[in-house]
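Visitor: Have a look; sequence and predicted model below, questions after that.
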Amino acid sequence: MTQVTRYELIERDGDRFRVAISVEQRAAPQTADLNPKLEMHVRGYELRAKGHALADLGLPLALEARLESHSAADIALVSPEKTEPLMSTRHSVVRLKSKVEER
C-alpha cells in the first residue's frame, strides 16, 4: 500500500495556524494467505480524504479538525470450494473539537 499525505498552510496568526490536509491511499493487487485453505485477493483499494486542522503551537492537540474520506475496495476470498467477491465503498467523517477545562 502507498499513502501520500499533504499539509498546506492556509493561514497563521501568532501561534495559531490552519492547515489543509489531503490523503491518498492505494493498494496494488496482492494476495494474503489467511489460513491453509483460504486466501484473500485484494484486486483494488483506494481511499481519498480531505480536511483541515486548526492548531496552536502552545497546545499538544489540535483545537479543531475535520477529515472526510471516501474509499472503495474490491476483494475476493478464495477457498478450494469457491470464490466469494466482496465489494465495499465507505464514506466517513471524523471531527475533533478540543475544549479547555477550567480547574
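Guide: Sure, I can see it. Numbering: from 1, shown residues only.
Visitor: Show me what the host helix or strand of residue 54 packs onto, helices and strands only.
Guide: For residue 54, the enclosing helix or strand under DSSP states H and E is strand 38-56. On a contact count with 3 or more C-beta pairs under 8 Å, 6 or more residues apart in numbering; DSSP states H and E, strand 38-56 meets strand 16-27, strand 30-35, strand 64-78. Heads up, the C-betas are built off the backbone N, CA and C, glycines and all.
Visitor: which stretch in these is the model least sure about?
Guide: Note on those: lowest mean pLDDT is at strand 30-35, with a mean of 93.
Visitor: contacts for that strand?
Guide: 39-42, 77 (C-beta atoms under 8 Å, 6 or more residues apart in numbering).
Visitor: which of the residues you listed are buried?
Guide: Burial by neighbour count, 16 or more other C-beta atoms under 10 Å: within those this picks out 41-42.
Visitor: Rebuild the contacts of strand 30-35 as CSV, extending it with distance to residue 3.
Guide: Below are the contacts of strand 30-35 laid out as CSV (distance: C-beta to C-beta, whole Å):
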residue, distance to residue 3
39, 24
40, 20
41, 21
42, 15
77, 25
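Visitor: Pick out whichever of the contacts of strand 30-35 sits closest to residue 64.
Guide: Residue 64 has its nearest neighbour among these in residue 42, at 34.6 Å by C-beta to C-beta.
Visitor: who's in contact with that closest one?
Guide: 27, 29-32, 73-75.
Visitor: and it, what are its bridge partners?
Guide: residue 30, residue 75 (DSSP bridges).
Visitor: in the strand holding residue 54, what's buried?
Guide: Under the neighbour-count criterion of 16+ other C-beta under 10 Å, strand 38-56 has 41-43, 45, 47, 49, 51-55 buried.
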